[in-house]
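Peer 1: model the following, please.
(2 chains)
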Amino acid sequence: MEQLDREESEFKYFEFRGNASEYFRIWIVNIALTILTLGIYSAWAKVRTNRYMYANTYLNGSNFEYNADPIRILIGRIIVVSFYGLFVLFSQYLYKFEIAGGIALLAFILMPWLMRQAVSFKLRNTSYRNVPFRFEGKVSSFYGFFILHTILNIITFMLIFPYSYVKFKKLIINNAHYGDGDFEFNGKIGDAYAIYIQIFVWSTLFVMGVVASFGILGTMIGSIVDEELLTTLKETVNPEVISMLVGVGVLFIYIPFIFWNKGFIDGYFSNFVRENTTLNSSPLKGELRPFKLGVIAATNALAMFLSLGLLYPWAKIRYLKYKAEHTAFACSDYDQFESHGYVTGSTVGEEMIDFFDIDIGL
Amino acid sequence: MLVEAFLYDGKSSKEHEVIIDFTFGRRVKIASHNIDVALEEIEIESRLGNTPRVLEFPNGIRCKTQENDKIDQLLLDFNINKSKTHKIESSLALTLGSVLLTIGFVWFMLTGGANYTANFLANILPQTTLDKMSRVTLEQLEEHMLKPSKLTKRQKGIIQAHFDKLADGDKCYKLHFRSAPQIGANAFALPSGDIVLTDQLVALSRDNDFRDILGVLAHEKGHVVHKHSLRMAIKTGLASVIIGYITGDISVVASTIPTVLINSSYSRDFEHEADENAVKEMKRLGVSTIYMANLFEALEKKSKSKESNSSLGSLLASHPLTSERIEYFKRHAN
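Peer 2: Below is the predicted model:
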């Protein structure tokens, strides 16, 4: 016991051992096989990718495991794609808006249930030391949450969104378990508001800074270039070309900014969730620097753009590595968790989330 | 053969350091845990990079080992077949082949490939399916957008006569006169051969004999002949699937911009093809294409506010710039 007490306060960092060249090979072979099998292999590709990412994430010397069955993923994919296909067919080509509307309405009504399924799928297919995670959130709680918070957000013009965010995290994390261990989320609503305000202020300042520096650059160039050159330039260069160049320039600033902002926001919220989550009272810790994560996201996007997508594996590994290695966990006893066994279930929710790229942020 | 591993019993998160002994009699033994099972009873996971290999034993026990090469040797020695994916991934030639295949496929799809696939699919789809789809579409349009035409008998008669000459006895072509205040001056063709002409477009005609409308109808017939609407639908679908898959999680920005550009350039190609058809048909019927140019000038005046004349606008416009088209028809008028 004495030894255990001594270990209690010691934070151990997650470790990510994946590397870009190894993942590049897995990624490109996945794509090639998916092309050759007309898409069917994509389910196996997903499992292989996730297995690689999970298996390279280590905590206290042991790694995680991804256990999903590709056949089930394939079935889930076929169901989601067929429904989406039917919707597109009826709404865009046959103009049967009643049927298309019916499909959309059905999807809308099933949404909370599918969300719950997706969360449950992710957790029960993740294991650590042969003990799987579990989710015990009730379908009724998901319906309750979505109905109540949709109404509240409409009435308050989204001002209540940070409150909804905290409630949603509670719904997910407080119902998550590792074996017989219980996760708990204690994030405060005031802190969530503070984060939203910080993100808003910093993002605005960042944009203003960029605009101002371009303004200064512009006037500097303007003062160097003399009038004569400027008028000859005006006469020789087509004004359309100039306006196009300006447009492309704005695009080059605007798009990296969107990616920077995405990473920046992810950094803040990842920290918020980590700082306020415990497993059997053992705390997690997040030490991400939002600004840096934003820079990683933006430079990743730039690298992918310039390499026509070929640097995607490098970018993905870089992002995940930064996030994992700035997360820590202080567990008193890694051996204490009793397993509830492996369970299988439907994959439709998971594939819907995947297909529409919905972020439930686990 | 001895393999160092960690054992997890599946009941708790305890970790045990063990030595697994694979014997020549195809038995697998872990002395410290009294495990002695046949090789066939354990499930060896396929290799994935250099991640620890998972061995599944009966009763929910799992072992993990870093000794991937030893396990691969074992599988070879005992003649056990496993997924060959790792072989592909570790071969330089095959990964390079995958890179080339992927780049080639994307390039092919975004350039001629989408066209080719779409044409192929458009040609194998039976005409009856196209007719059914068109009928449903037309019914929906009638219900929401179209109203009965207010053209005079004389106007309809002249235009119908032009149309009959164009159709040249082919029963699949049908002309529908409709008023469409919401759509405005327009004409459109369905894959079945049904062509809808709006009163609003006829109102813009500057020729008493409606020879400009003849040009428009010839243009629309071109869309039918080349199955443009179907090709368009297939291409849009293909492009979004490819871009969505390749970009993975690069969200909306990355995946919508290219589709917009591709789609607009595609439909520009289609419009041009239809214009060529119009010129061909008008020449066949001995009508000057100058009437078409005149009509476009009228159209341009009407929508001057909407259409941008800059080069960026031309890149994004889904129709070839009206001025370009006017030039085109004027050139053929001589």
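Peer 1: give me the nearest residue to A:Tyr165, chain neighbours excluded.
Peer 2: Computed as C-beta to C-beta, 6 or more residues apart in numbering or on different chains, the closest residue to A:Tyr165 that is not its neighbour in sequence is A:Ala192, at 5.6 Å. Bear in mind the C-beta positions are built from the backbone N, C-alpha and C, glycine included.
Peer 1: quick one: end-to-end distance for stretch A:271-283.
Peer 2: Using C-alpha to C-alpha, to the nearest Å, the end-to-end distance of stretch A:271-283 comes to 13 Å.
Peer 1: low-confidence stretches in the stretch 1-150 of chain A?
Peer 2: A:1-9, A:92-95 (pLDDT under 70).
Peer 1: which bits of it sit near chain B?
Peer 2: A:18, A:22-26, A:28-29, A:31-36, A:42, A:48, A:51-52, A:55-56, A:62-63, A:65, A:88, A:92-97, A:128-131 (C-beta under 8 Å from any C-beta of the partner chain).
Peer 1: just the buried ones out of these, please.
Peer 2: By neighbour count, with 16 or more other C-beta atoms under 10 Å in any protein chain shown, those hold A:18, A:22-26, A:28-29, A:31-35, A:42, A:48, A:51-52, A:55-56, A:62-63, A:65, A:88, A:94-96, A:128-131 as buried.
Peer 1: per-residue confidence for the residue nearest to A:Tyr165?
Peer 2: A:Ala192 carries a pLDDT score of 94 in this model.
Peer 1: same question for the one 3 residues further on.
Peer 2: Per-residue confidence at A:Ile195 stands at 94 (pLDDT).
Peer 1: so it touches A:Val273, yeah?
Peer 2: No: the criterion here is C-beta atoms under 8 Å, and A:Ile195 misses it with A:Val273 at 10.8 Å.
Peer 1: all strands for chain A, in order.
Peer 2: A:12-13, A:15-16, A:57-59, A:62-66, A:126-128, A:131-135, A:176-178, A:181-185, A:277-279, A:282-286, A:327-329 (DSSP state E).
Peer 1: tally of neighbours for B:Ile103?
Peer 2: Using other C-beta atoms under 10 Å in any protein chain shown, B:Ile103 is surrounded by 14 other residues.
Peer 1: kindly confirm my reading that it is in a strand.
Peer 2: No: using DSSP: H, G, I helix; E, B strand; the rest coil, the secondary structure at B:Ile103 is helix, not a strand.
Peer 1: spatially nearest residue to it (excluding sequence neighbours)?
Peer 2: Closest to B:Ile103 by C-beta to C-beta, 6+ apart is A:Leu308, at 7.9 Å.
Peer 1: among the buried ones among the residues of the stretch 1-150 of chain A next to chain B, which ones are in helices?
Peer 2: A:22-26, A:28-29, A:31-35, A:42, A:48, A:51-52, A:55, A:88 (DSSP state H).
Peer 1: once you drop chain neighbours, what's closest to the closest residue to chain B within the stretch 101-250 of chain A?
Peer 2: Residue nearest to chain B within the stretch 101-250 of chain A (C-beta to the nearest C-beta): A:Asn130, separated by 3.3 Å. Excluding the flanking residues, the one nearest A:Asn130 by C-beta to C-beta, 6+ apart is B:Tyr8, at 3.3 Å.
Peer 1: quick check: the one you found touching B:Ile61?
Peer 2: Yes: using C-beta under 8 Å, B:Tyr8 is in contact with B:Ile61, at 7.2 Å.
Peer 1: overlap of the contact sets of the two?
Peer 2: Here B:Tyr8 and B:Ile61 have A:Asn130 as joint contacts, going by C-beta atoms under 8 Å, 6 or more residues apart in numbering or on different chains.
Peer 1: who's more crowded, these two?
Peer 2: Taking neighbours as other C-beta under 10 Å, B:Tyr8 and B:Ile61 compare with B:Tyr8 leading, 25 against 19.
Peer 1: who are the contact partners of that one?
Peer 2: B:Tyr8 neighbours (C-beta under 8 Å, 6+ apart): A:129-131, B:14-16, B:61-64.
Peer 1: next one: B:Glu45
Peer 2: By C-beta under 8 Å, 6+ apart, the neighbours of B:Glu45 are B:53-56.
Peer 1: so how do I select the buried members of those in ChimeraX?
Peer 2: Selecting only the buried entries of these in ChimeraX, with 16+ other C-beta under 10 Å as the criterion:
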select /B:53,54,55
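Peer 1: SS state for whichever residue of the stretch 101-250 of chain B sits closest to chain A?
Peer 2: Closest contact between the stretch 101-250 of chain B and chain A, by C-beta to the nearest C-beta, is at B:Gln140 (3.3 Å). In three-state terms, and counting by three-state DSSP, B:Gln140 is helix.
Peer 1: ranges for the helices of the stretch 201-334 of chain B?
Peer 2: B:211-225, B:228-247, B:251-284, B:290-302, B:311-316, B:322-333 (DSSP state H, counting those that start in this stretch).
Peer 1: the ones you listed: lowest mean pLDDT?
Peer 2: When the helices of the stretch 201-334 of chain B are ranked by mean pLDDT, helix B:311-316 comes last with a mean of 42.
Peer 1: who touches A:Ser62 in this structure?
Peer 2: Shown in contact with A:Ser62 (C-beta under 8 Å, 6+ apart): A:128-129, A:334, B:6, B:15.
Peer 1: now those as TSV including distance to B:Lys174?
Peer 2: Below are the contacts of A:Ser62 laid out as TSV (distance: C-beta to C-beta, whole Å):
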residue	distance to B:Lys174
A:Tyr128	67
A:Arg129	71
A:Tyr334	76
B:Phe6	75
B:Glu15	77
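Peer 1: having no further points to raise, I will conclude here.
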